[in-house]
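> Got a predicted structure here, sequence first:
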Amino acid sequence: MSDPEEHELGALDSDVDLEFEDDEEAGLNKHAKRKYLRRKRRRDGLDARIAGASGLSKDEARQADQSVIRNLLVNAVFISGWYFFSLSISIYNKFMFSSDHIDFHFPMFATSLHMVVQFCMASIILLIFPSLRPTQPQPPSYRNESHPPKPLVTPLFYFTRLVPTGTTTCLDIGLGNTSLRYITLTFYTMCKSSVLIFVLTFAFLFRLEKPSLKLILIILTMTLGVLMMVAGETAFHALGFTLAMSASFFSGFRWALTQILLLRHPATSNPFATLFFLAPIMFVTLFTIACFSEGPTAVLTGIQILISAYGIAKALGLLIVPGVLAFCMIASEFTLLQRTSVVTLSICGIFKEVITISAAGIIFHDELSLINISGLLVTIVSIACYNYLKIVKMRQEAREKVKKRDDDINDTGGFEETVYDADDTDNRPAESNVPADSIPLMRDQDDGLDDGGNVGNGVASGSGVPSKNRDD
């Protein structure tokens, strides 16, 4: 340490000593002064290390932390909405399909109707808000008669991206509901806890998450905690187990595919556009499954019984209104996927199960063994560890973003600031409804290419910036 720095620290310590001497009558002794100075030196040392590593001033670090807090608060709002609508759907399913209540035992058909409602609502929102409509990012040089615009959704993109995502979503729902015919809800929860493993695997395969030993250990510990939470189930059914594990596999697969759609193609760059394209596919798939598993004749008979018991208006309400709740729930899920990651969304789902099990023990006095309670605690601690790692990563990314923005302002006079903020898709942008013209990076890596490998929409494949605009 140089002499000026030593002199500055000595002066600061002298001021602190004088301050403590003035307050000795308040009970501050030498031990308290030494403890305060040790804490202060640790804080100053940490600030110095952070500033030295990132080159940020205190004001820049404060801006980065405020950005992280804003993102966390917005995410908390969407998570709360997701929990609320998910709980509402669970109550509806219990009321609609339980033999103790309405006993409309056609869940696949009812869910297919919900997809029709979601498609209609997504269409209405896209009609009312033109800024949310997906558009093809193209430079002005291509918007003429000699270069007609490419279709936003090509057959290749539809059958290799949208159809697999919609189909795997329906398989997740259909196989999970079918498995409940053979196994109990507790055993089903045990099997579905493996979804974290599948989510993490596909996130690594599709490069949605960077492989990390800490993350893998946290996910494995959390899975163990979930198994402990529902321990005590002895009934085992091979077919039910296979169906539940298959549902977990497709659940992890479909969430990874959905996040890729939200981040890498302009046609599905916001939750409402994604639902607009996926809902018809899911309707066709679920309706086909319902015809084979539930039978069209039995479904028609069930609808007639429902109308005769409750009237046509109430019967339609029982079938359609839950579709509105499902639309809000899925829109919240997709927004969280776009803002955070598929692993974060899965862990939020596990935390929802923790709340449900805890509430069941408190309100309904469900018996929880020592192993169940221990599993509950292990899961909560694992979730806390993951949140800590996530917040640390968010702070680091926010600091890097602030530093990069300030460097760009200094180098170019501020002309590039908007470009860097809009293209920051890897850091999960805070605004999910960014116009497609301002996010040229969000395109599918296969679609949009000519046969010769050139970018058909006028976007440079390497940087995502129109090549002509570089020269301009």
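Arrived safely, thanks for sending.
> What is the host helix or strand of residue 284 packed up against?
Using DSSP states H and E, residue 284 sits in helix 271-293. Packing partners of helix 271-293 (3 or more CB pairs under 8 Å, 6 or more residues apart in numbering; DSSP states H and E): helix 107-128, helix 163-179, helix 238-264, helix 312-339. Every residue, glycine included, has its C-beta placed from N, CA and C.
> Which residue ranges of the protein form strands?
Using DSSP state E, the chain contains no strands.
> could you point out the longest helix in it?
Scanning the chain for the longest helix, with DSSP state H as the assignment, gives helix 370-412.
> list the helices and strands that helix packs on?
So helix 370-412, by 3+ CB pairs under 8 Å, 6+ apart, packs with helix 30-54, helix 58-97, helix 213-229, helix 342-363, helix 417-422.
> burial of residue 62, as a residue count?
For residue 62, the neighbour count with other CB atoms under 10 Å is 12.
> Could you report the pLDDT at the residue nearest to residue 374 when sequence neighbours are not counted?
Excluding the flanking residues, the one nearest residue 374 by CB to CB, 6 or more residues apart in numbering is residue 228, at 5.8 Å. Looking at residue 228, its pLDDT reads 82.
> Then residue 440?
Looking at residue 440, the pLDDT reads 34.
> Repeat that for the one 3 residues further on.
On pLDDT, residue 443 comes in at 37.
> and what of residue 372?
78.
> My read is that it contacts residue 226, right?
No. Using CB atoms under 8 Å, residue 372 is not in contact with residue 226; the gap is 10.8 Å.
> quick one, which of the two is more surrounded?
Neighbour totals were compared for residue 372 and residue 226, and residue 226 leads with 25 against 17 (other CB under 10 Å).
> Report the separation between the more buried one and residue 119.
Look at residue 226 and residue 119: by CB to CB, to the nearest Å, they are 34 Å apart.
> low-confidence ranges in the chain?
1-56, 137-149, 185-186, 233-236, 356-357, 359-361, 363-366, 406-472 (pLDDT under 70).
> ok, back up a step: now the longest helix of the chain against helix 213-229, angle please.
Angle, helix 370-412 to helix 213-229, by axes from the mean of the first three to the mean of the last three CA atoms, to 10 degrees: 150 degrees.
> related to what we said a few turns ago, okay if I get the helices and strands packed on helix 271-293 as a markdown table plus mean neighbour count?
As requested, the helices and strands packed on helix 271-293 are exported to a markdown table (neighbours: other CB atoms under 10 Å):
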| stretch | mean neighbour count |
| --- | --- |
| helix 107-128 | 20 |
| helix 163-179 | 21 |
| helix 238-264 | 21 |
| helix 312-339 | 19 |
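> wait, which of those is closest to residue 290?
The closest of the helices and strands packed on helix 271-293 to residue 290 is helix 107-128. By CB to CB, the value is 3.7 Å.
> and the angle from that closest one to helix 312-339?
Inter-element angle recorded for helix 107-128 and helix 312-339: 70 degrees (by the same axes, to 10 degrees).
> Check which helices and strands helix 107-128 is in contact with.
Going by 3+ CB pairs under 8 Å, 6+ apart, helix 107-128 lies up against helix 58-97, helix 163-179, helix 271-293, helix 312-339.
> of all these, which lies closest to residue 208?
helix 312-339 (9.6 Å).
> Can you name every helix or strand that the closest one contacts?
The contact analysis (3+ CB pairs under 8 Å, 6+ apart) places helix 312-339 against helix 58-97, helix 107-128, helix 238-264, helix 271-293, helix 296-310, helix 342-363.
> JSON lines for those, including distance to residue 180?
Compiled in JSON lines, the helices and strands packed on helix 312-339 are given as follows (distance: least, CB to CB, whole Å):
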{"stretch": "helix 58-97", "distance to residue 180": "10"}
{"stretch": "helix 107-128", "distance to residue 180": "9"}
{"stretch": "helix 238-264", "distance to residue 180": "8"}
{"stretch": "helix 271-293", "distance to residue 180": "13"}
{"stretch": "helix 296-310", "distance to residue 180": "18"}
{"stretch": "helix 342-363", "distance to residue 180": "16"}
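> right, and those - which one's nearest residue 187?
For residue 187, the closest of those is helix 238-264, at 7.3 Å, according to CB to CB.
> Determine the angle, from 0 to 180 degrees, between the closest one and helix 342-363.
130 degrees.
> Which neighbouring elements make contact with helix 238-264?
helix 163-179, helix 185-192, helix 195-205, helix 271-293, helix 312-339, helix 342-363.
> Take these and write them to JSON lines, including distance to residue 211.
Below are those laid out as JSON lines (distance: least, CB to CB, whole Å):
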{"stretch": "helix 163-179", "distance to residue 211": "23"}
{"stretch": "helix 185-192", "distance to residue 211": "24"}
{"stretch": "helix 195-205", "distance to residue 211": "5"}
{"stretch": "helix 271-293", "distance to residue 211": "27"}
{"stretch": "helix 312-339", "distance to residue 211": "20"}
{"stretch": "helix 342-363", "distance to residue 211": "12"}
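> Any idea which of those helices gets closest to residue 153?
Short answer: helix 271-293, nearest of the helices and strands packed on helix 238-264 by CB to CB, at 6.9 Å.
> and the closest one, which residues are buried?
271-287, 289-290 (16 or more other CB atoms under 10 Å).
> my read: residue 197 touches residue 219, true?
Yes. Counting by CB under 8 Å, residue 197 touches residue 219, with 6.9 Å between them.
> Among those two, which residue is more densely surrounded?
The neighbour comparison of residue 197 against residue 219 (other CB under 10 Å) goes to residue 219, with 21 against 17.
> now residue 247: how far from residue 375?
21 Å.
> still on that earlier bit, so which of the helices and strands packed on helix 238-264 is nearest residue 61?
Of the helices and strands packed on helix 238-264, nearest to residue 61 by CB to CB is helix 312-339, at 22.4 Å.
> who's in contact with the nearest residue to residue 254 once chain neighbours are set aside?
Nearest residue to residue 254 in three dimensions, chain neighbours excluded: residue 168, at 3.8 Å (CB to CB, 6+ apart). The contact partners of residue 168, by CB atoms under 8 Å, 6 or more residues apart in numbering, come to 250, 253, 254, 257.
> I'd like the distance from residue 168 to residue 114, if you could.
17 Å.
> and what of residue 219?
Distance, residue 219 to residue 114, using CB to CB: 31 Å.
> Likewise for residue 150?
Residue 150 is 33 Å from residue 114, by CB to CB.
> my read: residue 290 touches residue 108, true?
Yes. Residue 290 is within contact range of residue 108, at 3.7 Å (criterion: CB under 8 Å).
> ok, now which ones touch the residue nearest to residue 374?
371, 372, 374, 375, 376, 378 are the contacts of residue 228 under CB under 8 Å, 6+ apart.
> Buried subset of those as a PyMOL selection?
Buried residues among those (16+ other CB under 10 Å), as a PyMOL selection:
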select buried, resi 372+375+376+378
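> Could you export the contacts of residue 228 as a markdown table, including distance to residue 215?
Shown next, in a markdown table, are the contacts of residue 228 (distance: CB to CB, whole Å):
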| residue | distance to residue 215 |
| --- | --- |
| 371 | 26 |
| 372 | 26 |
| 374 | 23 |
| 375 | 20 |
| 376 | 22 |
| 378 | 17 |
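> tell me which of the contacts of residue 228 is nearest to residue 264?
Residue 264 lies nearest to residue 378 out of the contacts of residue 228, by CB to CB, at 35.5 Å.
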